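Participant: generate a structure from the sequence data that follows.
(one chain, ligands or ions: 2)
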Amino acid sequence: MIHICVVGCGAIGSLYAAHLARLDDVEVWAVDPWAEHVDAINARGLVVVSRLGPGGPHTSTTEGSPVRATTDAADVPACELGIVATKAEHTREAVAACADVFADAAVASVQNGLGNEEVLADLVPRVIRGTILPAGAVTEPGVVRYDAPGDTWLGPFEPKPASMDEVRLLADLLTRAGLKTHALEDARGPQWDKVVFNSATSPLAALTGLPMGPLCEDPALRAEVDALVAEAQDVCAALGIETEKDPAAMVAEAIEIAYHHKPSMLQDVLARRRTEVDVLNGGVAAAGRTAGVPTPRHDAMVALVHGLERSWPMNVEETS
Ligand SMILES: NC(=O)C1=CN([C@@H]2O[C@H](COP(=O)(O)OP(=O)(O)OC[C@H]3O[C@@H](n4cnc5c(N)ncnc54)[C@H](OP(=O)(O)O)[C@@H]3O)[C@@H](O)[C@H]2O)C=CC1
Ligand SMILES: CC(C)(CO)C(=O)C(=O)O
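Facilitator: Ligands and ions are numbered 1, 2, ... in the order given. Sure, this is the predicted structure:
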């Protein structure tokens, strides 16, 4: 039996936990502070509502092959593998609380942006760099909506690497569970593919309130998307990072398969939560500074999204 702990059981953590729970040879644990969600998972299983696949919308539940959910990492046994799916700002606190769980584990970040693996490397013995395309949202306690399918890419995080055997093990489990996953010696290319795409689309969705399809089909906004892509690609080129995907093709694919999806940064804005703009556009801008490439458009996205965050009533009160 392989023990896997999912840290942060929101949209993505729930999708990954629910898929892995289908496997007979895996015991899945999930740690999340949202008590109602945890209680619902333990009482009724994790419910996945999907509009994907043939036959239209359908629902599945992990009842019978449970996800063991808890608000307290002390309940979780030592695990061989971990998947971190919190928002970036919670990575350190969430993984630090799992020190015993991950005392001898290989732990993957499946988060967006740059810098999460570096935080994991401070806290766990072996790290897996992860990039994912599936998308979703938690709609009520215990229920996750599966919005869009997509592959997952895993590879050792160079400064504190998991072994390729560990990377392959997690990739095989996810693939068998229905989430097609690639095990790579060097997973930086797919990570930057996604960073370029996210940093060009997510802040514009967050600022306009538009889901993926309407955003990318608007000619004026699409020009902004393309300009952000071009700036991020200049940074990649200067750093010698070889991206594999054509961002225009990624945009076309997003319009096709995730038309109504609200990027997670827009979900954060709607819920008045701090966004991940610092690890997306801020990450591109920081890499640009390292490479000597100016990134005025990404800097502007960081400033605008932070301005929006500051306008929310709770933050205005705090600063007035
Ligand atoms: N949603 C999507 O479609 C996609 C998201 N991503 C990326 O995946 C990552 C997760 O995003 P998403 O699932 O949308 O985020 P969610 O906000 O849905 O889930 C994050 C979860 O982490 C929990 N959390 C907060 N603090 C801790 C802690 N200390 N310990 C354990 N759990 C904690 C949150 O609880 P609480 O709400 O109580 O704070 C929440 O339930 C992000 O990096 C995102 O960019 C990538 C691809 C697609
Ligand atoms: C699904 C996708 C690619 C959409 O931007 C995403 O990463 C997100 O929602 O944060």
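
Participant: shaky segments in this structure?
Facilitator: Counting by pLDDT under 70, the chain shows low-confidence ranges at 52-57, 317-320.

Participant: tell me where it has helices.
Facilitator: Using DSSP state H, the helices of the chain run over residues 11-20, 35-44, 91-96, 116-123, 164-177, 188-208, 212-217, 219-239, 247-257, 264-270, 281-291, 296-311, 313-319.

Participant: count of neighbours near Ala103?
Facilitator: Close neighbours of Ala103, defined as other C-beta atoms under 10 Å, add up to 11. C-beta coordinates here come from the backbone N, C-alpha and C atoms, glycine included.

Participant: could you do the one 4 residues further on as well?
Facilitator: Around Val107 there are 30 other residues, counting by other C-beta under 10 Å.

Participant: quick check: bridge partners of the closest residue to it other than its chain neighbours?
Facilitator: Nearest residue to Val107, sequence neighbours excluded (C-beta to C-beta, 6 or more residues apart in numbering): Gly82, at 3.6 Å. Gly82 forms beta bridges with Cys5, Val107, as assigned by DSSP bridges.

Participant: cool, and Gly136?
Facilitator: Beta-bridge partners of Gly136, as defined by DSSP bridges: Tyr146.

Participant: what sits against it?
Facilitator: Gly136 makes contact with 11-12, 14-15, 144-148 under the criterion C-beta atoms under 8 Å, 6 or more residues apart in numbering.

Participant: Val235 contacts Gly283, correct?
Facilitator: No - assessed by C-beta atoms under 8 Å, Val235 is found out of contact with Gly283, at 9.7 Å.

Participant: show me the contacts for the residue of the stretch 51-200 of the chain found nearest ligand 2.
Facilitator: The minimum distance from the stretch 51-200 of the chain to ligand 2, using C-beta to the nearest ligand atom, falls at Ala135 (3.3 Å). Neighbouring residues of Ala135 by C-beta under 8 Å, 6+ apart: 11, 147-148, 150, 258, 261, 264.

Participant: those residues: which ones sit near ligand 2?
Facilitator: Filtering those for proximity to ligand 2 (criterion: C-beta under 6 Å from any ligand atom) leaves 258, 261, 264.

Participant: mind checking which of these are buried?
Facilitator: 258, 261, 264 (16 or more other C-beta atoms under 10 Å).

Participant: not counting its neighbours along the chain, what's nearest the residue nearest in space to the middle of the chain?
Facilitator: Closest to where the C-alpha atoms of the chain average out (C-alpha atoms, centre = their mean) is Gln111, at 3.1 Å. Closest residue to Gln111 apart from its sequence neighbours, by C-beta to C-beta, 6+ apart: Ala88 at 5.9 Å.

Participant: count residues in the vicinity of that neighbour, would you?
Facilitator: 24.

Participant: so it touches Glu118, yeah?
Facilitator: No - taking contacts as C-beta under 8 Å, Ala88 lies outside contact range of Glu118: 10.9 Å.

Participant: still on that earlier bit, including neighbour count, could the contacts of Gly136 go into TSV?
Facilitator: Listed next are these as TSV, based on neighbours: other C-beta atoms under 10 Å:
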residue	neighbour count
Ala11	21
Ile12	26
Ser14	31
Leu15	29
Val144	26
Arg145	20
Tyr146	24
Asp147	23
Ala148	19
